[in-house]
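Novice: what's the 3D shape of this:
(one chain, ligands or ions: 1)
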Amino acid sequence: MEQAVSPGGIGANLAKLQDTSTDAQIPSQHDSSSTQEASLSGHSPEVAKRYARTKISLGILGTLVFFALTLVLVATGATRAVEDFVRSFVSNNYIALLAFAAVLGSVEIVAAFPLRLYSGFLLEHKYNLSNQSFPAWVWEGAKGMFIGLLVGTPILLGLYYCLRTFGDSWWLPVGAIFFFVSVVLARVAPVLIFPLFYRFRPVADGEIKDRLVKLCRMAGMSVKGVFVFDMSKSTKKANAAFAGIGRSRRIILGDTLIANFMNEEIETIVAHELGHFKLRHVWAALLVGTVNTFLGLYVTGEVYGASVSWFGFSAIDQLAALPLLGFWLGVYSLVTGPVSNMISRSHERAADRFAVLLSGKKEPFVNALRKLAVVNLSDTSPHPVVEFLFHSHPSIEKRIRAIECISVDVKQ
Ligand SMILES: [Zn+2]
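Specialist: Below is the predicted model of the structure:
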């Protein structure tokens, strides 16, 4: 779901589609700074495999570090010491909670920093995937963290309030809060959060704009305009998406996409995004996410309630015990991750099919996907187990094979 945006995860969301240095079709929109850098065609499939493997290993390592750190802090009594320390000068429970979270959050940031630096910055540069300077990377991370704080603080306070007020049934109101926040975020993020990271300008009248507006009209969707944003300032990756709702809905294209893809390739990529919209994948994902949230909170609540006493805590709303709740929530999402990935992959397949049937263009779509695969350094045929566990999109090879099986009147 390229449209679903989480705070701080914008980079990751935008990183689904990648660019390459091939035929730029729109001289007026051509951004020379992004084309001159984006030459990755020299990378072999082995290099792509190595990059994908490193990324996955680092992801697994990061998760293990988080779990181990949390368990160590809880089991050694460190969280208890932090709680005592905080309570020695704060009497209000909620302020104590925020101070407690600030201390533990800082520990997490410091502990995870080397991995984040390596995976998010050094590795991207090593494989020539990033345009970002180190200060720009830090600044983007700081902005993401700030938005995370802005969204996370009320959620944390609400969670704590529910734990104190509703006892064992805390998961029900907390699930409602999560649902509310995810709906609001999905609406608000493209309008309020996106512009904090990127600058937008309208795409001038011309062939690409006409094509895309016509495509949307064919699918029965009205769009307000086509905009380009300065993705090339931070990455060589490229993406397209729909932003806004109702009459204010617009198409947004990364400048890297415009600079490096043929018009008809961009058309098929936008048609794929259109597929997600017309097939109501956003709503399906929201529904699945909601069920998953309530179920997850309930199951986690049961396990958490049982496990507080293992570590000698007296109540579920004890500050020192709360990281344990985070631990179990992490375990739950790790276990159910493959299920959400499976649903996501089926949505991707449906959107691919929609794109081909709507645009009537198989070859440009296949070319676009191949380009993305080459420069994205995506592993085009990952091990099936790896794909099942970790991939939200089917492998490029599988997508191309499926597209080639669709029978269609080819339009020119
Ligand atoms: Zn998609």
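Novice: would residue 227 count as being in a helix?
Specialist: No: under DSSP: H, G, I helix; E, B strand; the rest coil, residue 227 falls outside any helix and is assigned strand.
Novice: what number of residues lie near it?
Specialist: Residues contacting residue 227 under the criterion other CB atoms under 10 Å number 17. Where C-beta positions appear, they are placed from N, C-alpha and C, glycine not excepted.
Novice: export the one helix or strand residue 402 maps to to CSV, keeping only CA atoms.
Specialist: Element membership of residue 402 [criterion: DSSP states H and E] is helix 396-404. Output of helix 396-404 as CSV, limited to C-alpha atoms (Å, rounded to 0.1, in the frame of the first residue of the first chain):
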residue,chain,number,x,y,z
ILE,A,396,9.5,-8.8,-9.5
GLU,A,397,9.9,-12.1,-11.4
LYS,A,398,6.6,-13.3,-10.2
ARG,A,399,4.9,-10.0,-10.9
ILE,A,400,6.2,-10.0,-14.5
ARG,A,401,5.2,-13.6,-15.0
ALA,A,402,1.7,-12.9,-13.8
ILE,A,403,1.4,-9.8,-16.0
GLU,A,404,2.5,-11.7,-19.0
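Novice: got the contact list for that helix?
Specialist: 348-349, 352-353, 356, 362, 365-366, 369-370, 372-373, 378, 380-381, 393-394 (CB atoms under 8 Å, 6 or more residues apart in numbering).
Novice: same check, this time on stretch 309-329
Specialist: With CB under 8 Å, 6+ apart as the test, stretch 309-329 has contacts from 67, 70-71, 73-75, 79-80, 82-83, 86-87, 96-97, 100, 104, 160, 163-164, 167-168, 170, 296, 300, 303-305, 307-308.
Novice: change it to 6 Å
Specialist: The list of residues contacting stretch 309-329 from outside it, by CB atoms under 6 Å, 6 or more residues apart in numbering, reads 70, 74, 79-80, 83, 100, 163-164, 300, 303-305, 308.
Novice: could you pick out the buried ones from those residues?
Specialist: Those of these that meet the buried threshold are 70, 74, 79-80, 83, 100, 163, 300, 303-305, 308, by 16 or more other CB atoms under 10 Å.
Novice: which bits of the protein sit near the ion?
Specialist: Neighbours of the ion within the chain, by CB under 5 Å from the ion: 348, 351.
Novice: show me where the chain has its strands.
Specialist: For the chain, applying DSSP state E gives strands covering 200-202, 226-229, 240-243, 250-254.
Novice: what's the burial count for residue 133?
Specialist: As a burial measure, residue 133 scores 12 neighbours (other CB under 10 Å).
Novice: whoops, residue 269 was the one
Specialist: Residue 269, neighbours per other CB under 10 Å, totals 26.
Novice: what sits closest to it if chain neighbours are left out?
Specialist: What sits nearest to residue 269 in space, not counting adjacent residues and going by CB to CB, 6 or more residues apart in numbering, is residue 240, at 5.2 Å.
Novice: also residue 124?
Specialist: Spatial nearest neighbour of residue 124, excluding adjacent residues (CB to CB, 6+ apart): residue 130 at 3.8 Å.
Novice: that neighbour contacts residue 121, correct?
Specialist: No: checked against CB atoms under 6 Å, the pair residue 130 and residue 121 is beyond contact range at 7.1 Å.
Novice: most residues in a single helix of the protein, which one?
Specialist: The longest helix of the chain (DSSP state H) is helix 322-359.
Novice: what angle separates it from helix 396-404?
Specialist: 30 degrees (axes from the mean of the first three to the mean of the last three CA atoms, to 10 degrees).
Novice: gap between helix 322-359 and the chain center?
Specialist: On the basis of CA atoms, centre = their mean, to the nearest Å, helix 322-359 sits 11 Å off its chain's mean C-alpha point.
Novice: and that helix, average pLDDT?
Specialist: Averaging pLDDT along helix 322-359 yields 93.
Novice: and for stretch 130-139?
Specialist: Averaging pLDDT along stretch 130-139 yields 88.
Novice: which residues sit against that stretch?
Specialist: Here stretch 130-139 makes contact (CB under 6 Å, 6+ apart) with 121, 124, 234-235.
Novice: and which of the residues you listed is nearest the ion?
Specialist: Closest approach to the ion among the contacts of stretch 130-139 (CB to the ion): residue 235, at 18.0 Å.
Novice: and that closest one, how many residues sit next to it?
Specialist: Look at residue 235: counted by other CB under 10 Å, it has 22 neighbours.
Novice: output stretch 86-103 as CSV, nothing but the C-alphas.
Specialist: Output of stretch 86-103 as CSV, limited to C-alpha atoms (Å, rounded to 0.1, in the frame of the first residue of the first chain):
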residue,chain,number,x,y,z
VAL,A,86,11.8,9.6,38.2
ARG,A,87,9.3,9.4,41.1
SER,A,88,11.9,10.9,43.4
PHE,A,89,11.2,14.3,41.9
VAL,A,90,7.9,13.9,40.2
SER,A,91,4.7,13.1,42.0
ASN,A,92,2.1,13.3,39.2
ASN,A,93,1.7,9.9,37.6
TYR,A,94,1.3,11.1,34.0
ILE,A,95,4.4,13.4,34.2
ALA,A,96,6.3,10.5,35.7
LEU,A,97,5.2,8.3,32.8
LEU,A,98,6.5,10.9,30.3
ALA,A,99,9.8,11.2,32.1
PHE,A,100,10.1,7.4,32.4
ALA,A,101,9.4,7.1,28.6
ALA,A,102,11.9,9.9,27.8
VAL,A,103,14.7,8.1,29.7
